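>>> Next input, structure requested:
(2 chains)
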Amino acid sequence: MPTIVVEVMPKAEILDPQGKAVAGALTRLGHNQFSGVRIGKRFELTVDGPVTAETLAAAKTIAEDILSNSVIEDVVSISEAK
Amino acid sequence: MRVGVITFPGSLDERDAQRAVKLAGGTPVALWHGAHDLEGVEAIILPGGFSYGDYLRAGSIASHAPIMAEVIDAAHKGMPVLGICNGFQMLAEARLVPGAHGRNDCGTFVRRDQKLIVENNNTAWTKDFAQGEEIIIPLKNADGRFVADADTIKRIEDNGQVTFRYVGVNPNGSLDDIAGVSNKAGNVVGLMPHPEHAVEPGFGPDTAAAMRSGLDGLKFFTSVIQSTLLSKA
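Next up, the predicted model:
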């Protein structure tokens, strides 16, 4: 099925306790080459029919209004899945 | 006075909120998230819990529930609305109060009897408190960290929209120790701690006088009844 992928990340200046907990675990496991982890969300929106300019525009609208909260998150990408 | 308490899928504390309304002298009215009907209530409480399992973001899916169209409309017209914990998250997601909520900075769920200072007693839900009064009510959340950008923080501090602040311990990393905020008009108030769990002897926080005797939450509910009576007079 045609799919649009929306990716959302916590804003850079916002503390990400989930990412911090994972980063702490990596350090404990000896993976010292990674100095930080931030965790975001990936949404896969299945489309009935082909992905068009209209469906991408609709995806942008819900990405900004529902899938993310602009106070704490940024929509970093909206694209058709390859 | 009829005070509506809305049940969402995953609400936990609606019965406690209804009982708090009753103990304060009001008539609780159970409302349902899926209805487009406020049943003639004069104030609304969005209770605590984990609506929709906190999926997507805490409170976000519930903020789009059918009844929220009526709640948002009534709030804009001045009806008192109180959001407690998950209800506060819904108010923020619905943009009825400023800010948003992130995961607690400690990374864990926190449950404690929390001291707060009443920073603004000129709201529909705080009129029975003294300005600067310190109260203790239970807090229990995982996503309680109040977040807003610097401009918003300055604006709400200047407008007196910071209604409650944590005292002693900031349990979740909220900016400026903010525990609760209101809209500009003061009819809509949201806070993370739970006043409805401190309204009845034997079930509240411990006090110096006796175990579980804390009743500091009751004034939220008497306040809204008083302020509604005054607005009719």
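>>> Outside of whichever helix in chain B runs longest itself, list whatever touches it.
Longest helix in chain B by number of residues (criterion: DSSP state H): helix B:218-232. With contact meaning C-beta atoms under 8 Å, 6 or more residues apart in numbering or on different chains, helix B:218-232 is reached by B:1, B:3, B:20-21, B:23-26, B:42-43, B:80, B:82, B:123-129, B:135, B:195-196, B:198-199. All C-beta spots, glycine's among them, are computed from the backbone N, C-alpha and C.
>>> what about the closest residue to chain A within chain B, how many neighbours?
Using C-beta to the nearest C-beta, the closest approach of chain B to chain A is made by B:Ala100 at 3.7 Å. Neighbour count of B:Ala100, defined by other C-beta atoms under 10 Å in any protein chain shown: 26.
>>> can you tell me which helix in chain A is longest?
Max-length helix for chain A by DSSP H is helix A:17-28.
>>> The following helix or strand past that helix - contacts with which helices or strands?
Using DSSP states H and E, the next helix or strand after helix A:17-28 towards the C-terminus is strand A:41-46. Packing partners of strand A:41-46 (3 or more C-beta pairs under 8 Å, 6 or more residues apart in numbering or on different chains; DSSP states H and E): strand A:3-10.
>>> Next, the angle from the strand it packs on to helix A:17-28.
Angular relation of strand A:3-10 and helix A:17-28 on a 0 to 180 degree scale: 80 degrees, by axes from the mean of the first three to the mean of the last three C-alpha atoms, to 10 degrees.
>>> List the buried residues in strand A:3-10.
By 16 or more other C-beta atoms under 10 Å in any protein chain shown, the buried positions in strand A:3-10 come out as A:4, A:6-10.
>>> Single out the residue in chain A that lies closest to chain B.
A:Val71 (3.7 Å).
>>> where exactly do the strands run in chain B?
B:2-7, B:27-32, B:43-46, B:81-84, B:100-102, B:110-118, B:134-141, B:145-147, B:162-166, B:178-182, B:188-191 (DSSP state E).
>>> for B:Ala17, what are its contacts?
B:5, B:28, B:45, B:47, B:84, B:196.
>>> quick one: pLDDT of it?
pLDDT, B:Ala17: 98.
>>> try A:Met1
So A:Met1 comes in at 88 (pLDDT).
>>> where's the residue nearest to it when sequence neighbours are not counted relative to A:Val5, distance?
Excluding the flanking residues, the one nearest A:Met1 by C-beta to C-beta, 6 or more residues apart in numbering or on different chains is A:Thr46, at 4.8 Å. A:Thr46 sits 11 Å away from A:Val5, going by C-beta to C-beta, to the nearest Å.
>>> And B:Arg155, by the same measure?
Shown here: B:Arg155 relative to A:Val5, a distance of 36 Å by C-beta to C-beta.
>>> Likewise for A:Gly24?
According to C-beta to C-beta, A:Gly24 stands 29 Å off from A:Val5.
>>> again with A:Asp48
17 Å.
>>> one step back: helix, strand or coil for the residue of chain A closest to chain B?
With DSSP: H, G, I helix; E, B strand; the rest coil as the basis, A:Val71 sits in coil.
>>> My guess is it contacts B:Asp149. True?
Yes: here A:Val71 reaches B:Asp149: they are 7.2 Å apart, a contact under C-beta atoms under 8 Å.
>>> Quick check: residues of chain B near chain A?
B:56-57, B:60, B:64, B:92-93, B:99-107, B:145, B:147-149, B:152, B:173 (C-beta under 8 Å from any C-beta of the partner chain).
>>> mind putting the buried residues of strand A:3-10 in CSV, distance to chain B included?
Below are those laid out as CSV (distance: C-beta to the nearest C-beta, whole Å):
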residue, distance to chain B
A:Ile4, 17
A:Val6, 12
A:Glu7, 14
A:Val8, 10
A:Met9, 13
A:Pro10, 8
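>>> Please spell out which residue in chain B sits farthest from the middle.
Most distant residue from the mean C-alpha position of chain B: B:Ala209, 26.5 Å away (C-alpha atoms, centre = their mean).
>>> which parts of the helix or strand of chain A with the lowest mean pLDDT are buried?
Across the helices and strands of chain A, mean pLDDT, DSSP states H and E gives its lowest value to helix A:17-28, namely a mean of 94. For helix A:17-28, the neighbour count (16+ other C-beta under 10 Å) marks A:17-20, A:22-23, A:26 as buried.
>>> Let's have the residues you listed in a markdown table, adding distance to chain B.
Shown next, in a markdown table, are the buried residues of helix A:17-28 (distance: C-beta to the nearest C-beta, whole Å):
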| residue | distance to chain B |
| --- | --- |
| A:Pro17 | 4 |
| A:Gln18 | 6 |
| A:Gly19 | 10 |
| A:Lys20 | 7 |
| A:Val22 | 10 |
| A:Ala23 | 11 |
| A:Leu26 | 15 |
